[in-house]
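Undergrad: pasting a predicted model and its sequence here:
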Amino acid sequence: MSVKAMQAPKKSSYDVVIVGGAMYGSSVAWFLTDNPDFNGSILVVERDPSYEFASTSHTNSCIRQQFSNEVNIRVSQFGAEFVKNFRQFMGGDERVPKLKLHSFGYMYLADNEEFSKTLQELQKVQQRLGAGTRYMTRDEILRDYPFYNMEDIIGGNHNLVDEGYFDGNTLFDWWKRSARERGVEYLTNEVVSMSRNDNGTKVTSVALKSGETIACGTVVNASGPRAILTSRMIGVEVPVEPRKRYTYIFDAEQPLDRDLPLTIDPTGVHMRTDGQYYLAGCAPNEDFAVDYDDFVQDHSLWEEKVWPTIANRIPQFEAIKLINSWVGHYAYNSLDQNAIIGPHPDVENFFFVNGFSGHGLQQSPAMGRGTAEYITYGEYRTIDLTPFSYSRVVENRKFEEKAVI
Ligand SMILES: Cc1cc2nc3c(=O)[nH]c(=O)nc-3n(C[C@H](O)[C@H](O)[C@H](O)COP(=O)(O)OP(=O)(O)OC[C@H]3O[C@@H](n4cnc5c(N)ncnc54)[C@H](O)[C@@H]3O)c2cc1C
């Protein structure tokens, strides 16, 4: 961004400065404005208001209840509640569209006894917490979805309740629009450094690329895959790195006669219904951190991995046509692929909302609400999100979650 395109802030001091204005910056901003006990001023600084390279613009926008950790399940339950009652949560505003959760479910397929056993254990945990997960034998899967090739499959977990696609982009747009209408200032600019008080316990100001310095009460790191660049501004490392994830949209000569659940093939390729088309996605064969600006497509991945996997799992998909594809970055948490949120233990007014890896979109309602609670009250009031706190990074302790995609 050229310095010319940058905007100047209206004030020299804000109660909350949010670094990054995509899904998380907007979620935190909106939930703060929605909290009757928060009356402060909010500045959201966004370096690229086109959001062209943000994770949010590359998402597959799905939600699942199939996690192994109780807190992740509760977070998703609120995500589903928020999506299904979107207009109500947005204050009943008639302009806000109603959102639908297309519950075609995730289908985790097991091709070995060990994974099949894990799925059966997970099903019990999820069922205890109210999720609709069913363990299905290979024959049961074939009865409901006869189009699969199940030769190598023993069974799978599937859930048709509150699990599938939702329009995350509309949610994001309305959070941003409503936050603005409620007085949040969105600024096209880039945060480049931060200053702290003498004993280092508080961020006192942030500096913008255009030269201004802004005093702040609280800073929120909502910088997605760039989270570490922002945390280094206070001398702190956060284990988040950009990792490429590939998405393909294809058309089938003979479409399926029913929805294709979001199927997680044992090869790691996933595929699902996408309106009149289908979507598939995967990680690269060698998965490592890439440059922040590297969005180069690897065409061999489609030819050599994704298409053969799709055609093997669903023989009807022998004849398909690729119609679109894109590369996006996960904000990949290299410690445990789960969220890192809440204040830094020593720099108490610096908040993380980072490291969501592949499930940040669905978590944005619960994580945004929780962060707004913590900023307002100094504690979580609804779901206790402390298991996601930064202290585990310091202690090198993983958040345990077996269901990672
Ligand atoms: C291919 C793919 C598929 C996915 N599928 C799903 C899915 O099905 N379900 C799901 O729940 N999640 C999914 N996710 C994850 C989800 O999309 C992300 O977790 C979520 O969008 C993260 O939002 P964010 O606001 O944290 O990050 P981003 O969207 O990356 O936004 C960060 C913003 O911060 C800005 N920024 C960075 N540094 C600065 C700075 N110094 N100053 C100012 N601005 C700055 C950037 O410009 C950017 O706009 C997927 C992600 C990808 C890539």
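TA: Yep, that arrived. Residues are numbered from 1 along each chain as shown.
Undergrad: closest residue of this structure to the ligand?
TA: Closest to the ligand within the chain is Gly360: 1.9 Å, counting by Cβ to the nearest ligand atom. To be clear about C-beta, it is placed using only N, CA and C from the backbone, and glycine gets the same treatment.
Undergrad: how deep is that residue tucked in, by neighbour count?
TA: 24 (other Cβ atoms under 10 Å).
Undergrad: pick out the residue nearest the middle of the protein.
TA: With distances taken as Cα atoms, centre = their mean, the residue of the chain nearest its centroid is Gly360 (1.5 Å).
Undergrad: that older thread, could I get the contacting residues of the residue of the chain closest to the ligand?
TA: Met23, Tyr24, Ser55, Ala331, Ala339, Met367 (Cβ atoms under 8 Å, 6 or more residues apart in numbering).
Undergrad: can you narrow those to ones near the ligand?
TA: Met23, Tyr24, Ser55, Ala331 (Cβ under 6 Å from any ligand atom).
Undergrad: top of those residues by neighbour count?
TA: Top of those by neighbour count (other Cβ under 10 Å): Tyr24, with 34 neighbours.
Undergrad: my guess is it contacts Met367. True?
TA: Yes - the pair Tyr24 / Met367 is scored as a contact, 7.3 Å apart, by Cβ atoms under 8 Å.
Undergrad: anything in contact with each of these two?
TA: Val353, Phe356, Gly360.
Undergrad: out of these, name the ones that lie in helices.
TA: Gly360 (DSSP state H).
Undergrad: tell me what the residue lying closest to Ser13 once chain neighbours are set aside is bridged to.
TA: Sequence neighbours aside, Ala215 is the residue nearest to Ser13 in space, at 3.9 Å (criterion: Cβ to Cβ, 6 or more residues apart in numbering). Counting by DSSP bridges, Ala215 forms beta bridges with Ser13, Ser205.
Undergrad: list the contacts for Ala215?
TA: Applying Cβ under 8 Å, 6+ apart, the residues near Ala215 are Ser12, Ser13, Tyr14, Thr204, Ser205.
Undergrad: so who does the fourth one touch?
TA: For Thr204, the residues meeting the contact criterion (Cβ under 8 Å, 6+ apart) are Ser195, Arg196, Asn197, Ala215, Cys216.
Undergrad: got the residues of the protein near the ligand?
TA: 19-20, 22-25, 45-48, 51, 54-56, 58-62, 190-191, 222-226, 230, 245, 247, 328-331, 356, 358-362.
Undergrad: distance between stretch 153-168 and the chain's centre?
TA: Distance of stretch 153-168 from the chain centroid (Cα atoms, centre = their mean, to the nearest Å) equals 17 Å.
Undergrad: pLDDT (mean, whole number) over that stretch?
TA: The pLDDT scores in stretch 153-168 average 98.
Undergrad: export only the CA atoms of that stretch, formatted as CSV.
TA: Output in CSV follows, covering the C-alpha atoms of stretch 153-168 (Å, rounded to 0.1, in the frame of the first residue of the first chain):
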residue,chain,number,x,y,z
ILE,A,153,-13.4,-48.1,4.1
ILE,A,154,-14.4,-49.6,7.4
GLY,A,155,-16.7,-46.9,8.6
GLY,A,156,-17.1,-43.2,9.3
ASN,A,157,-18.5,-40.5,11.5
HIS,A,158,-21.3,-38.2,10.2
ASN,A,159,-23.4,-35.5,11.7
LEU,A,160,-26.4,-33.9,10.1
VAL,A,161,-27.1,-31.4,12.8
ASP,A,162,-25.6,-27.9,12.6
GLU,A,163,-22.7,-29.0,10.5
GLY,A,164,-22.0,-27.9,6.9
TYR,A,165,-21.8,-24.7,4.9
PHE,A,166,-22.8,-21.1,6.0
ASP,A,167,-22.3,-17.8,4.3
GLY,A,168,-19.4,-16.5,6.4
